[in-house]
Structure formats: C-alpha cells, structure tokens
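Colleague: okay, here's the prediction I keep looking at, along with the sequence it came from:
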Amino acid sequence: MIFTATAITSSRAGAAALGTCCLILTGCLSDRDAVTSNRFDAETPAATAGPVEPAVPTVRMASSVQVASAAGKYLAGRHARQHRDFGAAAEHFSGALQLETGNAKIRRAAFRSLIAGGRMEAAAVLARQIVKDNDGAAIPNLSIVVEDAVTGATANAEARLKSIPRRGMNTFTVPLLLAWFQAGQGKFEDAAKSLAPLEKVSSFAVLRNLHLGLIQDMAGNVAAAGENFGKAAEAAQSLRVYQAYGNYLERNGRGDEAKALYEKFERENPGTDSFKSTLSRLEKGTKPAPFIRGYRDGLAEVFFNLAGTLSQGRTSELALVYGRLALRLRPDFPLAQVLLAGLLESLDRGQDAVALYRAVGEDSYLYRSAQLRLASLLDDLKRTGEAIALLRSLSEKDRQWFEPLVRLGDLLRSEKKFDEAAGVYSDAMARVGEPDKSHWSLFYARGITYERSNRWPLAEKDFLKALELSPDQPFVLNYLGYSWVDKGLHLGRAQKMIETAVAKRPNDGYIVDSLGWVHYRLGNYRDAVEQLERAVVLRPEDPTINDHLGDAYWRVGRLLEARFQWKRALSLDPEKDQIPLIQKKLNQGLAAAPEKDRRG
C-alpha cells in the first residue's frame, strides 16, 4: 500500500531530536532520582509520605459562599493542571489562595503552576512563604536563588545554596549553581572547590569539567580552561560541550582545531547541521562572542543542561521548570527557547510554544530550525494559512535556502493540493542544483504529487531518480512497487522491490500490505491472505488494508470474513471514490478471477 503522509527526512520530530542534541550527558540521574525529583516542592521526608497532588483542602471560613468559592477554584485549578494549562491553573489556585491565605497545600499548587507557566516573580513570592515552613523545599529554594541572581543579591543566593540539603538532583545542582555565584563575586578558587565533589562521580564529571572550563575561561585562566574543555569533549560527544570548546578554541587563535572538532561532531552524528553556520562563520575569519557573558549566563547554562537531561525521560514537567529558570536568567537563550517550546509541544501546549519559537532571534544559528518548527506547529494548530505565509516569507528572504519550499510542498501535499505542491517542489529542486543522495526525498515527494494528480510518467521518472540516489530506500521501493502492481506493470520486479522494502521495515503495515497486494495481483491468494492479515494487525485502522484483506478472503472462499472486512473498511472513512466500489463488493461480491489468476 502506498501512503501519502510525509515520510521524508524533514519530519516533525525536530523538537525531540533538538532536545537530544541539547543533552549534555546521559546517565546523570538514576531512575529513582528521575522519579522522586518530579516533586516540585520536595517536601521533608516526613511530609512526603502522602500523595503529591493533595485532595481538596478543608476550608474554614465564615461564609458558606466563600467556602464553595475556594473549593471550586481549587478544583478548577486541578482540572487545568491535569490538562497542562498552567496559566489557567495559576489563576485558579491563586484565587483560591486569596480566600485561604494560610493553606499550605493551595500555596504549593499555586507556586508549581506559576513557575511552570513562566510567571517567575509571582512564583518567587510564594516560594519565600513556602520555605518558611519547609526550608528544604528544592524548587522553591531554587526559584528564590534565581530571583536573587536577577536582582544581583549574589551573597544571599550563595548563603541559601549552602543551606540546601544535597540530596536527589540537588546533589549536583547545588554545587554547580554555587560555583557560578562564587565566580560572579570573583571567588574563582572557591568556585573550583565547590565543583570538586562532582569529579568523584563519573556521570557528573562531564558537567564538572564543562562548567569549570567555562568559569576558568571567564576568569582569564586560558590554559586551565582548555584542559577542562578537552576533558569534557573527550568524555562526551555532546553538542553543547563541543560548542563551548570550539568557541574557546576560536577565540584563542586555534581555529583549525575548532574546525576539526566541529567536523568530527558532524561525522559522528550524520544528518546534523548543528555547525553549518558556525563553519561558515569560521571560514570568513569572524571570531565568536564569548560563550558565557557573565555568571548569570553560567547559571542559565546549568538549568539548561539539567532541562535537556530531564527532557529525555518521563519528567517533562520538571524539565519545563528548569527551562523556565534558565530563561529567567537569560531571556535571549535560543537553545533554551527551542527546548522549552518542544517541551510545551510534548505537553499539548502548542499555543504557548508558538511565542517561544518566535522569540528566537534572526542572528541565532537556531533561527531557521525554529522557524520551520513554528510552521509545522501552526499547521498542527489548524492555523495552516499562517504556516503557508510563514514558509513563503522564509523562502523569499533567502532564495538559496530550499528547505522552506520543501516544507511548503509537504504542507500543500497534506492538503491534497497536488498540482501546486508539485510546482513548489520543482522550485526547491531548482535551488538545490545538482542533487546528491541526500535529496532522494525531494524526488520521492514530488513523485507522490505527480502520481496523486494522475501524471504517472512524471511520477515514475521521479521515483526512479529517487532510487538512483538512494537505491534501497524502503519508502520509494514500496511506493513505486505498489504503483506498478496496481497498474499491472512489471509485476516480477515490483515484487522484488517490495520484498526488499519489507525486509528493511518488517513492521511497517503499509509496506507489508503492498507485499500482500502484489501476491493478490499475481493470483497467489493464500500468500496474499497471510501477508494482509499481518498488515491488518500492524495497521488495524486503515481502510485500504482492510479492503484488500476482504478481497483476498473472497478469493480463497472465506466469504463471511470478506464481507466483514469490507464493512470494517467502510467504517474507517475510506477515500470517497472507494466507497461505491466497496459497497458494490458487499452487495455482489467479486467477479470470478481470470482463469490464469486462479492459483489460490
């Protein structure tokens, strides 16, 4: 079976993939830490015996109307929070707290929603109230520390960090933050001592070496900084480590070493273009600005590193909080903006993510990817007109950049505007120039639009070109093979192509369906049933696969099962032109197969 959903390299997995690129190290957290650290208020051991989310609090007020109001607001806040609508949750919980000012449970709920929603100053006000009753509350303490950094109260922040119990995530969070506050006060030796305990734990050593290198670089200790950057880069193939080390090398007249580092990362991470703009700038001889502009940037880096790590597990909401803290310290932090936007998307808060993608500046190397992700998100949010306008604008701004046109073609194709999509893909090809193997997907995508608009000779030519560029690409093998089978062309060659595709993607229901259908068209009905039954298991909700299985059942004499499959196909919203054909089969069955095809 052929499928027209976008199955090319420019997929919408960009946010997750970008989060992976942002990851500083893996294995930083044990499973236990990752789970327990999801408690935002990190209460004392005696207080953590109960559930994290409290039941409706007992409200003791004189007026029954007020009682109902406070309880209602609290319940509304819980409902909003369950749907990750942190803004609405914060409003409801804050309203309940105004009516029940002494209720600690409501205060914690309001704090969590305020900080997750990015209302950092308001969250810090509640945080100061929370720590009066629970001086070990982790996230409230960190919220206060961040506000102290914003206001320049570094000594207060240092004192608070020294008092926070070092358990769970604070085992490595506190030393990193403490070191940066000490560096901000010019106490570089103290900063190095604060980071020393992290070197004893192998999973923390990369963070220690990275941040010690950054602090030494800020202090002007060039040799020591280079040594620690080198240790971090040797231990972890991390984008962020390589960026920091390369930045250091470039600024210290070691551009050739920086180039080799960037190229090494790209070789070891095929498909990435993380250093494309960096290499372009390096070739022009333009030196970069310092990686860290001051201690606040260093603090933001800590929270970003942790958010990137947490985003890989089942702790998206906690990762969101750390991302918010990073942006509070450094509002113009493109990596944190993109990571946070991706996290919000994963939490079904696409509307909130839009603003973060738009906030990425044009001077950032992430600007292009953020704009493309924004276009995809707008389309997901049913704001397709805005997505199209954005992609057209991007393609006009830079007439050498073909990717916006590819995305525009994909969008138009998903809207079934096949003729228009084909023209857009052709414009993209003109910008590409001489294609190489990485451009197979562009010919594949245009071939789909030609096939869907009944221009088969052009479609076949593009599919064959895609296979010339990428000979064993399973999607192309499947699409072209299925099309030939459906048209009764080159059946033997089509079968071999589809068998190759199945071998490469054995659990792809569409491709398995294609193999079943080629057996059907060749009259091998028992083999067709075997493959199509497996395809239905893999893709039970696809009308075409169910319809194909019905046909195969009929040919082997399983008439009741055939009619069941056709009825099921009708219930799964098939293409409009297929509905009367399926209804006819339900009423009349299939005509007798040609004599040469009776091999069941």
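Modeller: Perfect, thanks for sending it. Numbering: from 1, shown residues only.
Colleague: mind checking the SS state of Trp401?
Modeller: Classification of Trp401 using DSSP: H, G, I helix; E, B strand; the rest coil returns coil.
Colleague: tell me the pLDDT of it.
Modeller: Each residue has a pLDDT score; the one for Trp401 is 93.
Colleague: now it: how far from Thr384?
Modeller: 21 Å (CB to CB, to the nearest Å). To be clear about C-beta, it is placed using only N, CA and C from the backbone, and glycine gets the same treatment.
Colleague: again with Lys132
Modeller: From Lys132 to Thr384 the distance is 50 Å (CB to CB).
Colleague: repeat for Leu177
Modeller: 43 Å.
Colleague: more neighbours, these two?
Modeller: Leu177 (27 against 16; other CB atoms under 10 Å).
Colleague: quick one: pLDDT of the more buried one?
Modeller: Looking at Leu177, the pLDDT reads 96.
Colleague: likewise Thr20?
Modeller: Confidence score, pLDDT, at Thr20: 33.
Colleague: show me the shaky parts of the stretch 351-500 of the chain.
Modeller: Within the stretch 351-500 of the chain, no range satisfies pLDDT under 70.
Colleague: ok, now the chain?
Modeller: Within the chain, the segments meeting pLDDT under 70 span 1-68, 313-315, 594-600.
Colleague: contacts for stretch 343-354, please.
Modeller: 15-16, 19, 83-87, 307, 311, 316-317, 319-320, 323, 340-342, 356, 374, 377-378, 380-381 (CB atoms under 8 Å, 6 or more residues apart in numbering).
Colleague: residue ranges for the helices of the stretch 101-250 of the chain, please.
Modeller: Here the stretch 101-250 of the chain has its helices, by DSSP state H, counting those that start in this stretch, at 104-116, 120-133, 138-151, 154-163, 170-184, 188-195, 202-219, 222-235, 239-251.
Colleague: redo the ones you listed as a markdown table? Include distance to Pro331.
Modeller: Shown next, in a markdown table, are the helices of the stretch 101-250 of the chain (distance: least, CB to CB, whole Å):
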| stretch | distance to Pro331 |
| --- | --- |
| helix 104-116 | 16 |
| helix 120-133 | 11 |
| helix 138-151 | 10 |
| helix 154-163 | 19 |
| helix 170-184 | 17 |
| helix 188-195 | 24 |
| helix 202-219 | 19 |
| helix 222-235 | 26 |
| helix 239-251 | 19 |
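Colleague: which among the ones you listed is found nearest to Gly589?
Modeller: helix 104-116 (58.8 Å; CB to CB).
Colleague: what angle sits between that closest one and helix 138-151?
Modeller: 50 degrees (axes from the mean of the first three to the mean of the last three CA atoms, to 10 degrees).
Colleague: list the buried residues in helix 104-116.
Modeller: 104-116 (16 or more other CB atoms under 10 Å).
Colleague: what are the contacting residues of it?
Modeller: Contacts for helix 104-116 (CB under 8 Å, 6+ apart): 40-41, 53-54, 57, 74, 77-78, 80-81, 86, 89-90, 93-94, 96-97, 100, 120, 122-123, 126-127, 129-130, 133, 139-140, 143, 317, 320-321, 324-325.
Colleague: narrow those to just the buried residues.
Modeller: Buried, going by 16+ other CB under 10 Å: 40-41, 57, 74, 77-78, 80-81, 86, 89-90, 93-94, 96-97, 100, 120, 122-123, 126-127, 130, 139-140, 143, 317, 320-321, 324-325, out of the contacts of helix 104-116.
Colleague: just the ones of those in helices?
Modeller: Using DSSP state H, the members of the buried ones among the contacts of helix 104-116 that fall in helices are 74, 77-78, 80-81, 86, 89-90, 93-94, 96-97, 120, 122-123, 126-127, 130, 139-140, 143, 317, 320-321, 324-325.
Colleague: which among the helices of the stretch 101-250 of the chain is found nearest to Trp440?
Modeller: helix 239-251 (26.1 Å).
Colleague: who's in contact with whichever helix or strand comes after that closest one?
Modeller: Going down the chain from helix 239-251, the next helix or strand is helix 255-268, by DSSP states H and E. With contacts defined as CB under 8 Å, 6+ apart, helix 255-268 is touched by 233, 237, 239, 242, 245-247, 249-250, 272-275, 278-279, 282, 285.
Colleague: which among the residues you listed count as buried?
Modeller: 233, 239, 242, 245-247, 249-250, 274-275, 278-279, 282.
Colleague: tabulate the residues you listed (a markdown table), appending distance to Glu227.
Modeller: Shown next, in a markdown table, are the buried ones among the contacts of helix 255-268 (distance: CB to CB, whole Å):
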| residue | distance to Glu227 |
| --- | --- |
| Ala233 | 11 |
| Leu239 | 21 |
| Tyr242 | 16 |
| Tyr245 | 11 |
| Gly246 | 16 |
| Asn247 | 16 |
| Leu249 | 13 |
| Glu250 | 17 |
| Ser274 | 24 |
| Phe275 | 23 |
| Thr278 | 23 |
| Leu279 | 25 |
| Leu282 | 23 |
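Colleague: nearest to Thr449, of those?
Modeller: Ser274 (30.9 Å).
Colleague: tell me the SS of that closest one?
Modeller: coil.
Colleague: now the residue nearest to it when sequence neighbours are not counted: how far from Asp135?
Modeller: The shortest distance from Ser274 to any non-neighbouring residue, by CB to CB, 6 or more residues apart in numbering, is to Leu239 (5.6 Å). Look at Leu239 and Asp135: by CB to CB, they are 37 Å apart.
Colleague: buried sites along stretch 335-343?
Modeller: So, applying 16+ other CB under 10 Å, buried residues of stretch 335-343: 335-343.
Colleague: so which of those is the closest to Ile498?
Modeller: When the buried residues of stretch 335-343 are compared against Ile498 (criterion: CB to CB), the nearest one is Gly342, at 35.8 Å.
Colleague: next, count neighbours for Glu234.
Modeller: 12.
Colleague: how far away is it from Arg267?
Modeller: For Glu234, the distance to Arg267 (CB to CB) stands at 16 Å.
Colleague: equivalent analysis for Asp472, please.
Modeller: Taking CB to CB, one finds Asp472 at 22 Å from Arg267.
Colleague: now Gly323
Modeller: For Gly323, the distance to Arg267 - CB to CB - is 30 Å.
Colleague: residue boundaries of the helices in the stretch 301-450 of the chain?
Modeller: 316-329, 334-346, 350-359, 367-380, 384-397, 403-414, 418-432, 440-452.
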